[in-house]
Each structure stands twice: as structure tokens, then as C-alpha cells.
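**Student:** Any chance you could fold what I've pasted below:
(chains A and B)
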Amino acid sequence: MTIASTTQLLCFLVLSATLVLGSLGVVLLPNIVYSAFLLGGVFLSVAGLYLLLNASFVAAAQVLVYVGAVNVLILFAIMLVNKREDLSDIPGLKVRKLLSGLVCGGLFVLLLRVAFTTPWALPGPQPVGEEATIRIGEHLFSDYLLPFELASVLLLMAMIGAIVLARRDVFSSDVITGEPVDQGLLEKARSPLLLEKPVLEKTP
Amino acid sequence: MTLALLLPGLAEPIPLQAYLALAAVLFCTGVWGLINSRNAVRVLMSIELMLNAVNLNLMAFSNYLDGQLIRGQVFAIFVITVAAAEAAVGLAILLSLYRNRETVDMERFNLLRW
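**Tutor:** Numbers count the residues shown, from 1 in each chain, chains lettered A, B, ... in the order given. Below you'll find the predicted structure:
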């Protein structure tokens, strides 16, 4: 504990306010681009909370992976599919929102009750502080070696899977019958996603 | 110092329960967004929120209850790895869905529902 308690508490209050407001914004804002940028703010404040919890390595990993990779990926996806569409009304949407709000509120109360009634074994052992990175390295290469290697396999699978899923295959002939496919379909598949739809000429 | 005099609780260290309550808020917000989002990208964002809430819990327990063996931090690193893979595959699925259905409305992805 190098930071004074008051400073720590103030940092915690600021970070938690950012976190709660940002996450509400992510869920509630109508514009999805604002939501994505707020999500970056949420990730950053979670990284700040990790710093308060004596975990500098995980905080750095959080910033690198979440803000640097996941958030940028989400922004890319938004730019690729950002079509303004008027969502058709679904009957009972308000009821669904209300019911799910009640369920989430109940879940929240339950979690709070568990957190505040469980007799935690506090105070636990003294936190290792700056040695945490060394400990994590020792864990990763001794008792968590198998999950560590499996994570590398998982990342490779995810990479290949993402490429396969997102690739656009255009065949000039049908794979099964060998007949040439409809030319209009071919052009549609080739036209880039970002391109605006051609404006239909007004027929007199 | 004046703040500490004004509120006696300010000089105390942050309790574990504060982190747990914060993670509960984040998780419930994520669940609500997951259920109610019409945009598929927002659903993925809500999943990320929930994963972050779980990570926050893990880190809090690791610091307060397991300060020497910090197994929670190792777990959080694995969760971050899996979340990155999940985001990549999820967004690839989303792109290919958009290409086929020309929409990102979750209510219209109901081919397998009934």
C-alpha cells in the first residue's frame, strides 16, 4: 500500500462513477458509435481499478488487449455494418424491457446480499504488490502450463475461424452442378460493403 | 485531511464489498443490455461488459483473499485471452450474418427459432 488511503478512496470513487455511467451509456445510448467509445472508457476505468488492486501487469494487459484490440475491432465492425435502419417495432418490447429490468434488479440485490452477508476471511495474506508479475510468470510456467498452451491453441483456432467466417467466397460456377451462377448475384457479392446502394433512377 | 475529518470512513481502506458491488452493477448492466439490445454489435459489447465484471471480481478476490498466490490474476489473464478470441469470432460471425441478411437487427435473426 504505497498510496494513501484517502487518495485511494478518491480514485476508487472517480473510477467507479466513470465505470457505472459508462456502462449505462454503452447499453442505453441510441448511437452505437458513442457506445463503442464509451466502452473504451469503461475498459480504461477497469484497468485503473486493477491498478488500485495491486495488479499492474493485468492492468497493462487490459489496456493492450481490450482498448487496443477488442475495442478497435468493435469500431471496425460498426464502420463495416453501420447501416442506418429503422428498427421495426416489436409488440411487447416495453414489457420485455420492464421484466428484464426487474430480473436484473433482482440479480443485483441477490449479488449484493451475497457480497455483504458472506463472512469473508478478511484480512487475508499481505498482497505481493510489485512482485505480482513475477508470480504470474511462475504460475504460467508451472501449475498453469496446460491452460497456457491451450490458450495459444485457442487463439490460433479463433484466428483461423475468424478469417474463414469473414471471408467472402465468390464462385463463378455452382460448386455442385457446375453451371454458371447468376451474374447479378456475383456482382452483388463483389460489391464492397461500404459502397452505397446505387440510387434508382426515377421512372417517369 | 479535511476530507478525512469530515467523513470518518475516508481514512479506512476500501472494503472488498465495494469492489463486489461495483462488479455486480457492471454485470447486471451487461445482462440487461444483452437481453434488450436490438443491434448485434451492442450485444457483443454487453458480453464484454459482463466479462469485465467477472474479471473485476477475480482481481478483487485475488488481492484481498489470496494476496500471496494471486491465482485470480492468472485466471483474469486467461479470461482476457478467451474474451479476445470470442470478440474476433463474434464479429466475424456478425459480418457474415450482415452479408447474408442485410441487417444487424437481433429480432430478424430468427431462422432457427421456430
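
**Student:** Could you pull out the buried residues of the helix or strand where A:Tyr50 lies?
**Tutor:** For A:Tyr50, the host element (DSSP states H and E) is helix A:32-52. Within helix A:32-52, the residues that qualify as buried are A:32, A:35-52, counting by 16 or more other CB atoms under 10 Å in any protein chain shown. From N, CA and C alone the C-beta is placed, and that goes for glycine too.

**Student:** How about B:Asp105: which residues does it bridge to?
**Tutor:** B:Asp105 forms beta bridges with B:Asn39, as assigned by DSSP bridges.

**Student:** Give me the neighbour count for it.
**Tutor:** 15 (other CB atoms under 10 Å in any protein chain shown).

**Student:** Surely it and B:Arg42 touch.
**Tutor:** No. Under the criterion of CB atoms under 8 Å, B:Asp105 makes no contact with B:Arg42, lying 11.1 Å away.

**Student:** for chain B, where's the lowest mean pLDDT among helices and strands?
**Tutor:** helix B:2-6 (a mean of 52; mean pLDDT, DSSP states H and E).

**Student:** Show me what secondary structure element comes after it.
**Tutor:** helix B:16-36.

**Student:** How far off centre is the helix or strand following that next one?
**Tutor:** Sequence order places helix B:40-64 as the next helix or strand after helix B:16-36, per DSSP H and E. Helix B:40-64 has its C-alpha centroid displaced from the chain centroid by 2 Å (CA atoms, centre = their mean, to the nearest Å).

**Student:** now swap in stretch B:107-114 and tell me
**Tutor:** 26 Å.

**Student:** Nearest spatial neighbour of the residue most central in space within chain A, chain-adjacent residues omitted?
**Tutor:** Geometric centre of chain A, nearest residue: A:Val70, 6.0 Å, by CA atoms, centre = their mean. Sequence neighbours aside, B:Ala87 is the residue nearest to A:Val70 in space, at 4.6 Å (criterion: CB to CB, 6 or more residues apart in numbering or on different chains).

**Student:** Work out for me the element the residue nearest to A:Leu51 when sequence neighbours are not counted sits within.
**Tutor:** In space, A:Leu51 comes closest to A:Ala59 once its chain neighbours are excluded; the distance is 4.8 Å by CB to CB, 6+ apart. Following DSSP H and E, one finds A:Ala59 within helix A:56-62.

**Student:** Before I go, just wanted to say thanks for your time.
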